[in-house]
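Participant: Sequence below, structure please.
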Amino acid sequence: GQIIPERRFVEAINRQAYQYEMGDFPIEWEAWIRKKRNDPPTLEEILKNENYREEMKQKIKEVAEKDKLLQASEYKEGLVAEPVHTRVKGHASAPYYGKKEPSQDPTSTASTFQPGSWMPPGSGSSHNK
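Facilitator: Next up, the predicted model:
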């Protein structure tokens with residue numbers, strides 16, 4: 001005798017079977033179809049898990065907002081330095097791009113990094129005034 005493995009499937013109701021994509025079915029059904037669980041899920045279990053996921057999304061959103069406000073207050077009070085954004089000039093594979101002029105902003109090209117430099121107030125890019 002040959003052992004035939006159990007086949008699990010869900011019949012498509014509103015669409016053709018080929019129109020379904022990953023995520024269209026509840027996670028619990030996906031697990032049952034792929035034999036990650038032995039028993040098919042109940043409606044109560046699916047609703048309970050969906051409510052839990054929605055609660056977690058809301059809590060994550062609230063925590064992210066609180067963290068954003070805390071960071072803003074720390075930046076304002078001077079407790080934490082604001083992140084510096086490096087401006088990329090040219091293409092990453094170019095070892096040299098354009099003129100080298102002192103800049104207040106840090107720059108990065110290929111494997112080189114040029115930190116920002118201090119420039120006196122009122123001085124522009126032209127040196128002869």
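
Participant: which residues of this protein score low on pLDDT?
Facilitator: For the chain, applying pLDDT under 70 flags the ranges 12, 15, 17-18, 23, 86-111, 113-114, 118-120, 122-129.

Participant: Now do the strands in it.
Facilitator: 87-88, 107-109, 112-114 (DSSP state E).

Participant: As a check, name the ranges of all helices in the chain.
Facilitator: 27-33, 43-77 (DSSP state H).

Participant: Mean neighbour count, those: which tops it?
Facilitator: helix 27-33 (a mean of 16; mean count of other C-beta atoms under 10 Å). No exception for glycine: its C-beta is placed from N, CA and C like everyone else's.

Participant: a markdown table for the helices of the chain, including distance to Gly116?
Facilitator: What follows is these, written out as a markdown table (distance: least, C-beta to C-beta, whole Å):
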| stretch | distance to Gly116 |
| --- | --- |
| helix 27-33 | 48 |
| helix 43-77 | 19 |
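
Participant: Between these, which one is closest to Ile13.
Facilitator: helix 27-33 (13.1 Å; C-beta to C-beta).

Participant: can you list contacts of that closest one?
Facilitator: Arg8, Phe9, Val10, Phe25, Arg37, Asp39, Pro40, Pro41, Glu45, Ile46, Asn49 (C-beta atoms under 8 Å, 6 or more residues apart in numbering).

Participant: go again using 10 Å as the cut-off
Facilitator: Outside helix 27-33, the residues within contact range by C-beta atoms under 10 Å, 6 or more residues apart in numbering are 7-10, 22-26, 36-42, 45-46, 49-50, 53.

Participant: Go ahead and build a ChimeraX selection from the buried members of those residues.
Facilitator: Buried residues among the contacts of helix 27-33 (16 or more other C-beta atoms under 10 Å), as a ChimeraX selection:
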select :26,41
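
Participant: I am finished for the moment; much appreciated.
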